[in-house]
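**Student:** Kindly generate the corresponding structure for this input.
(one chain, ligands or ions: 2)
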Amino acid sequence: MATREKTLKIGLLTSGGDAPGMNAAIQAITLAAAHHKLTCYGFHHGYNGLINQDYCILAPDNVTNIIHQGGTILKSARCPEMMTQTGIKQAVSCLIKENIDALIVIGGDGSFNGMLAMQDHWQGKLIGLPGTIDNDLDGTDFTIGFSTAINTAINAIDKIRDTADAFDRVFVVELMGRHSGHIAFNVGVACAAEQIISFENFDPLAQESKLAKIIADIEQQKQNKAHSYLILLAENLWPGGAHALGEALKQQGNIDVGICVLGHIQRGGSPVAKDRILATKLGVAAIEAILLEKSGIMIGECESKITHTPLTKAIQHQKIVNDDLINVYDSTASHMS
Ligand SMILES: Nc1ncnc2c1ncn2[C@@H]1O[C@H](COP(=O)(O)OP(=O)(O)O)[C@@H](O)[C@H]1O
Ligand SMILES: O=P(O)(O)OC[C@H]1O[C@](O)(COP(=O)(O)O)[C@@H](O)[C@@H]1O
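**Tutor:** Ligands and ions are numbered 1, 2, ... in the order given. Model prediction:
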């Protein structure tokens, strides 16, 4: 690496849906920046921090005792102003005014689009870190937060299974994931759900026939003296969501159905080991990439190796749910598909 004449200034922000492990990444970036004698600016509330010039200097003392905390000490936000040319220019003018050399954004595909929008107006380096519970970014096997989210959902659904079993009851549980089934399929297989209804295996146009099959399956299981019956439903898929599906099962199948929308519980909590370690590795790799003068990339990890993926590729939604996982579900769940 070439000797630097001036101290580089790094900007850092967390944007979009928060994800457990974001704090671990903030800690790693701050410590690695200090190690390389870079100055680290932490911008608050996602892109609002740039637009409003709302920031703090991040030094090692500011990031002690945060690796185990969910959420993000920098706060996150969805920032509508950033979707306008005026907002983008305001964000860029803050980076120019503060003489920032490189910006690291921890977030999902929307946040990466924000970086791409700034690229035409700013000469500094732009580095993305995959931070979303949805695991819907290409160029990394896992995103920061995904492992914790599925563990949280599994723990919650194990409890639902207990009460469902006690009453021989059917439950519909709605999971997050926005438009991808990584959460639904991983959690569904880990909980041995009788039904997983996700983007990968359900066409909303086939709603009526799916409903008839589920009702028939529940009837058959009853005859076989089966106990509880869990239907895991990906959000934004079934028209009207878990409540509408539960109501349809009651009306058309005369079935006693419990409904649980897990919601934001999946985004919170202390990150599991896998997310802490991933976030720490990616945070250090982000600083190393800046020192190598890389830009316009997301740092990820594939098969245990650090990867650099162009931001434009990271957001293409090509990372489908693993076929083996879908096959495992098809071969083990007792459902009639
Ligand atoms: N096309 C875009 N241009 C500029 N900024 C964007 C764009 N899309 C999203 N952003 C910024 O990124 C933020 C987070 O995006 P969002 O899609 O909500 O979450 P995530 O980054 O987790 O996918 C948005 O609130 C907005 O500030
Ligand atoms: O908290 P909000 O704004 O309602 O967003 C909910 C969405 O955020 C997520 O939890 C995370 O998505 P992003 O990481 O893309 O922001 C999705 O699973 C969910 O659809």
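
**Student:** and Gly49, that's in a helix?
**Tutor:** Yes. In this structure, Gly49 lies within a helix as judged by DSSP: H, G, I helix; E, B strand; the rest coil.

**Student:** Please tell me how far it sits from Ile306.
**Tutor:** Distance, Gly49 to Ile306, by Cβ to Cβ, to the nearest Å: 27 Å. Every residue, glycine included, has its C-beta placed from N, CA and C.

**Student:** Between the two, tell me which one has more neighbours.
**Tutor:** For Gly49 against Ile306, the residue with the higher neighbour count under other Cβ atoms under 10 Å is Gly49, and the figures read 26 against 16.

**Student:** wait, the more buried one sits on Leu13?
**Tutor:** Yes. Under the criterion of Cβ atoms under 8 Å, Gly49 is in contact with Leu13, at a separation of 5.5 Å.

**Student:** Name the residues contacting each of those two.
**Tutor:** Between them, Gly49 and Leu13 have Gly42, Phe43, Leu74 as joint contacts when contacts are counted by Cβ atoms under 8 Å, 6 or more residues apart in numbering.

**Student:** hmm, who's touching the lengthiest helix in the chain?
**Tutor:** For the chain, the helix that runs over the most residues, judged by DSSP state H, is helix 146-166. Helix 146-166 is contacted by residues 19-21, 70, 132-135, 169-171, 173, 175-176, 182-183, 186-187, 190-191, 193, 227-230, 232, 258, 260, 262, 265-272, 274-275, 278 when judged by Cβ under 8 Å, 6+ apart.

**Student:** what about Arg267, how many neighbours?
**Tutor:** Count around Arg267 with other Cβ under 10 Å applied: 19.

**Student:** show me what contacts it?
**Tutor:** Gly17, Asp18, Ala19, Pro20, Gly70, Ile133, Gly145, Ala149, Met176.

**Student:** hang on, the second one in a helix?
**Tutor:** No. Assignment of Asp18 by three-state DSSP gives coil, placing it outside any helix.

**Student:** For it, the count of nearby residues, please.
**Tutor:** Using other Cβ under 10 Å, Asp18 has 26 neighbouring residues.

**Student:** For it, list the residues it contacts.
**Tutor:** Contact analysis of Asp18 by Cβ under 8 Å, 6+ apart lists Gly70, Gly71, Thr72, Ser76, Gly131, Gly145, Arg267.

**Student:** how close does the third one sit to ligand 2?
**Tutor:** Spatial separation of Thr72 from ligand 2 under the definition Cβ to the nearest ligand atom, to the nearest Å is 12 Å.

**Student:** element containing that residue?
**Tutor:** Secondary structure assigned from DSSP states H and E places Thr72 in neither a helix nor a strand.

**Student:** Hmm, it is touching Asn23, no?
**Tutor:** Yes. Applying Cβ under 8 Å as the test, Thr72 and Asn23 come out as touching, 6.0 Å apart.

**Student:** Does Ile104 lie in a helix or a strand, and which?
**Tutor:** Per DSSP H and E, the secondary structure element for Ile104 is strand 102-107.

**Student:** residues in contact with the helix or strand just after that strand?
**Tutor:** The element immediately downstream of strand 102-107 (helix or strand, assigned by DSSP H and E) is helix 109-119. The contact list for helix 109-119, computed with Cβ under 8 Å, 6+ apart, reads 15-16, 46-47, 78-79, 82, 88, 91-92, 95, 103, 105, 107, 126, 128, 131-132, 136-137, 296, 298, 311-312, 314-315, 317.

**Student:** hang on, Gly258 in a strand?
**Tutor:** Yes. For Gly258, which was evaluated using three-state DSSP, the result is membership in a strand.

**Student:** That one: neighbour count?
**Tutor:** Gly258: 16 surrounding residues under other Cβ under 10 Å.

**Student:** got the contact list for the residue lying closest to it once chain neighbours are set aside?
**Tutor:** Excluding its sequence neighbours, the residue lying closest to Gly258 (Cβ to Cβ, 6 or more residues apart in numbering) is Phe171, at 4.4 Å. Remark: with contacts taken as Cβ under 8 Å, 6+ apart, Phe171 is in contact with Ile160, Ala164, Ser228, Tyr229, Leu230, Ile231, Val257, Gly258, Ile259, Cys260.

**Student:** and this structure, which residues reach ligand 1?
**Tutor:** Within the chain, the positions lying close to ligand 1 (Cβ under 6 Å from any ligand atom) are 15-17, 46-47, 78-79, 82-83, 107-111, 113-114, 117, 132.

**Student:** Show the pLDDT at whichever residue of the stretch 101-250 of the chain sits closest to ligand 1.
**Tutor:** Nearest residue of the stretch 101-250 of the chain to ligand 1, counting by Cβ to the nearest ligand atom: Gly110, 1.9 Å away. Per-residue pLDDT puts Gly110 at 98.
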